[in-house]
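Asks: Quick one: sequence and predicted model below, then my questions.
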2 protein chains.
Amino acid sequence: MEAVPTTPAKIADVAARAGVGIATVSRVLNERGSVAAATRERVLEAIRVLEYRPSSVAQALSLKRTLVIGVVLPFLTEASPIERVRGVVTALASSPYDIALYDVESADRQQRAFRLLADAHRTDGLLVVSLIPPDEEVRRLSAGSIPCVLIDAHHDRLPSVVIDDIGGGELATRYLLDLGHRRIAFIGDKPADPFRRQSSRDRTIGYERALTAASIPVRRDYVREGTQSRHLARNIAEELLRLPEPPSAVFAASDVQALGVLEAARGLGIDVPEQLSVIGFDDIEIASYVGLTTVRQPLFESGRRGAELLLQALLGQPAPVHVETLPLDLVVRGTTRPPR
Amino acid sequence: MEAVPTTPAKIADVAARAGVGIATVSRVLNERGSVAAATRERVLEAIRVLEYRPSSVAQALSLKRTLVIGVVLPFLTEASPIERVRGVVTALASSPYDIALYDVESADRQQRAFRLLADAHRTDGLLVVSLIPPDEEVRRLSAGSIPCVLIDAHHDRLPSVVIDDIGGGELATRYLLDLGHRRIAFIGDKPADPFRRQSSRDRTIGYERALTAASIPVRRDYVREGTQSRHLARNIAEELLRLPEPPSAVFAASDVQALGVLEAARGLGIDVPEQLSVIGFDDIEIASYVGLTTVRQPLFESGRRGAELLLQALLGQPAPVHVETLPLDLVVRGTTRPPR
DNA sequence: TCCTTCATTGGAACCGCTTCCAGTCGACCA
DNA sequence: TGGTCGACTGGAAGCGGTTCCAATGAAGGA
């Protein structure tokens, strides 16, 4: 029985105990260079006895890499970023990299986060979710040569994994059109900080495009970009449904908002899908539970794929600065049907 | 215009440019010791020009602290751990600490995670969520004197933030009893790895206690500990509802399982709450949407509180090794009522 | 048998920052 | 006016690893 060491063993302790130099211990540790079998054994024994583990901080300083990947994302609150993080976690699970999480709720904190990450060499690579890093920070990143992949965002000089939000907006709207709807309203996010990716905005564009393609004029009073919350979406939906000429279908830029629409309809005694069709976007878990028709985007997959690209870059095969677009699926459930 | 430096500035570069010693730069940086105003200005100017940021890795090595807090948790998949992490993130947002995330899906990976954290000095402190660290790892942690707080778990030698699961089980069951129900079934998790906290098990105990206190025998066929998933819960609920003498109420150990019960009832044409009362546990977001009666536990708060305790310990006021029990609330919504 | 080659090995420099320990020097006190 | 004090300042020693480079010695080739 060895006495419990009061302080954790360092490499010099191991070297001393094994009667070798520290360089040799390091060689054994990293399986680099050649070490005589007998020597190796003695070193391993010393390591075991002393319960030695190399300090990752010291390694990081010496090797100039931290084995940490930073994940910057807004609003851990919401369901979709979480799902993306899950993908990231999964992809990184079998890699040697740890994950450092940076939740930013404001442009201000985003600045701080990027500054931290690009400058302080805390991380070897960066995954940025649904955020558009300022040019200045992109410059810093590439100056520090720390690779960065965007997920659900786009920048000229960075590889990214995205979906086609415009196409998705068209997909949803066209589906409603194909069902025969002509009075189709849209509920989306209100324009947020400029640093946040505006997927909702693009979906609006897709919506308008589909209508235009079908020669249906876009009605101002049918397009409501005012909220992200279910609660507010509900209020907005109520307004829409009380219009002299209410829509027969609503396309919500997110499932969360679509849930608000469903609540509004329920509250007003309007039957879905009999009197009103509702389609969402994202396909979060709740959607399948309530039977919401929606456009499914591969959230988990986006995180996984982004992490993969980053790992590649870290391995020295820098991902080309290109945009990888993930496919969307129309998931038809019970909240849509042809108008009466 | 300065030429863009090919390599990030280090403290020596700043010192050289300002014409001072590195010690002085460090003093300015950390506002420690005394530096003449004029000197300080020159240093700050050099820092600005060179866009210098101290390397946190080097600082960590020198100071023996990393400013990183590790969060170990199982199954990022589930809603409740996420909500807890949100609380942690919030509490740590205004602190200088970063968050490193360790998702463990198996006892094996848990071992690895703890080993990593306790030995490699990657983190200054640890938050463990819904996991029971093995004694061996607890020993390592205290040997390395890195503070650790458990959230939703318990260990003799570590401070922790928990809820009273037994009490919660009683609360839910007693509520159903008070409504007049006598045939009350229970659906819970199947026993998992020993390293995972078994909150479901305790809720079962509470359930049994409440029944016993009301002099109602616990029926074997009414207690089903078999799943965590909604899907399986649905199957189990269907079996229950098809019994010759079906329960008039079901207490599910989690909201997710309660949703499965609701689906089962819907599928069998059994009206909730008219013919069947259902109560869940947790109060996840979806619960309010579907109007599920449930026992609310402060998930977000648990994370926040755990992080606070850890910060205190990090500040040198080690939290006493005690258990902090957070309050539970009965949230009555639309899925419960007296039996016919 | 002498020289070259190569497997092994240890020493020391370096990664970038903090801080102890002296050393300088002008100001103030007796 | 000499001495003491204290504000400033710089050098150098770590922190705990990795790795270049030189040294050692035995084996293989001529």
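Replies: In hand now; what should we look at?
Asks: could you measure the residue in the stretch 201-340 of chain A positioned nearest to chain B against residue B:230, distance?
Replies: Per CB to the nearest CB, residue A:286 is where the stretch 201-340 of chain A lies closest to chain B, at 5.2 Å. Where you see a C-beta, it was placed from the backbone N, CA and C, and this is true even at glycine. To residue B:230, residue A:286 is 11 Å away according to CB to CB, to the nearest Å.
Asks: before we move on, what about residue A:246?
Replies: Distance from residue A:246 to residue B:230, by CB to CB: 34 Å.
Asks: Just want to know which of the two has more residues nearby.
Replies: residue B:230 (21 against 17; other CB atoms under 10 Å in any protein chain shown).
Asks: What backbone torsions are found at the closest residue to that one other than its chain neighbours?
Replies: For residue B:230, ignoring the flanking residues on the chain, the nearest one in space by CB to CB, 6 or more residues apart in numbering or on different chains is residue B:260 at 4.1 Å. Main-chain torsions, residue B:260, degrees, to the nearest 10: phi -60, psi -40.
Asks: Whatever residue of the stretch 101-250 of chain A ends up closest to DNA strand D: neighbouring residues, count only.
Replies: Nearest residue of the stretch 101-250 of chain A to DNA strand D, counting by CB to the nearest atom of the strand: residue A:121, 13.5 Å away. Residue A:121: 23 surrounding residues under other CB under 10 Å.
Asks: quick one, phi psi at it?
Replies: Per degrees, to the nearest 10, the backbone of residue A:121 is at phi 60, psi 40.
Asks: what's the burial count for whichever residue of the stretch 201-340 of chain A sits closest to DNA strand C?
Replies: Nearest to DNA strand C in the stretch 201-340 of chain A, going by CB to the nearest atom of the strand, is residue A:314, at a distance of 19.0 Å. Neighbour count for residue A:314, taken as other CB under 10 Å: 19.
Asks: how far away is it from residue B:323?
Replies: For residue A:314, the distance to residue B:323 - CB to CB - is 42 Å.
Asks: near DNA strand C, which residues of chain A show up?
Replies: Neighbours of DNA strand C within chain A, by CB under 7 Å from any atom of the strand: A:19-24, A:27, A:33-36, A:38-39, A:58, A:61-62, A:64.
Asks: Of those residues, which are in range of DNA strand D?
Replies: Applying CB under 7 Å from any atom of the strand to those, those adjacent to DNA strand D are A:22-23, A:27, A:58, A:61-62.
Asks: So of those, which two are at opposite extremes in space?
Replies: A:27 and A:61 (19.2 Å; CB to CB).
Asks: export stretch A:68-79 as CSV, just CAs?
Replies: Backbone C-alpha positions of stretch A:68-79 (Å, rounded to 0.1, in the frame of the first residue of the first chain) are rendered in CSV as follows:
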residue,chain,number,x,y,z
VAL,A,68,-11.4,21.6,-26.9
ILE,A,69,-14.0,22.6,-29.4
GLY,A,70,-16.1,25.7,-28.6
VAL,A,71,-19.8,25.7,-29.5
VAL,A,72,-21.3,29.1,-29.6
LEU,A,73,-25.1,29.3,-29.8
PRO,A,74,-27.9,31.6,-28.9
PHE,A,75,-30.8,30.8,-26.6
LEU,A,76,-30.2,27.4,-25.2
THR,A,77,-33.8,28.0,-24.3
GLU,A,78,-35.1,26.9,-27.6
ALA,A,79,-35.7,23.3,-28.7
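Asks: Sketch out the strands for chain A, chain order is fine.
Replies: A:68-74, A:98-104, A:125-129, A:148-151, A:160-163, A:184-188, A:223-225, A:249-252, A:277-282, A:293-296, A:323-326, A:329-331 (DSSP state E).
Asks: Pull up the gap between the residue of the stretch 101-250 of chain A closest to DNA strand D and residue A:63, please.
Replies: Residue A:121 is 11 Å from residue A:63, by CB to CB.
Asks: Please point out which parts of stretch A:25-44 sit buried.
Replies: A:25-29, A:35, A:39-40, A:42-43 (16 or more other CB atoms under 10 Å in any protein chain shown).
Asks: Now flag whichever of those is closest to residue B:126.
Replies: residue A:29 (24.7 Å).
Asks: tally of neighbours for the nearest residue to that closest one once chain neighbours are set aside?
Replies: Excluding the flanking residues, the one nearest residue A:29 by CB to CB, 6+ apart is residue A:54, at 6.3 Å. When neighbours are defined as other CB under 10 Å, residue A:54 has 18 of them.
Asks: got it, and the one 5 residues further on?
Replies: A total of 18 residues lie near residue A:59 under the criterion other CB under 10 Å.
Asks: name the helices or strands packed onto the lowest-mean-pLDDT helix or strand in chain A?
Replies: Ranked by mean pLDDT, DSSP states H and E, the helix or strand of chain A with the weakest confidence is helix A:107-119, at a mean of 72. On a contact count with 3 or more CB pairs under 8 Å, 6 or more residues apart in numbering or on different chains; DSSP states H and E, helix A:107-119 meets strand A:68-74, strand A:98-104, helix A:135-143.
Asks: any idea of the angle it forms with strand A:98-104?
Replies: 150 degrees (axes from the mean of the first three to the mean of the last three CA atoms, to 10 degrees).
Asks: The stretch 151-300 of chain A: helices as residue ranges?
Replies: Taking DSSP state H, counting those that start in this stretch as the criterion, the stretch 151-300 of chain A carries its helices at A:165-179, A:199-213, A:230-241, A:255-267, A:285-290, A:299-314.
Asks: Could you export these to TSV, including columns for mean pLDDT and distance to residue B:274?
Replies: Output for those, formatted as TSV (pLDDT from 0 to 100; distance: least, CB to CB, whole Å):
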stretch	mean pLDDT	distance to residue B:274
helix A:165-179	98	34
helix A:199-213	95	40
helix A:230-241	92	26
helix A:255-267	94	18
helix A:285-290	87	20
helix A:299-314	95	37
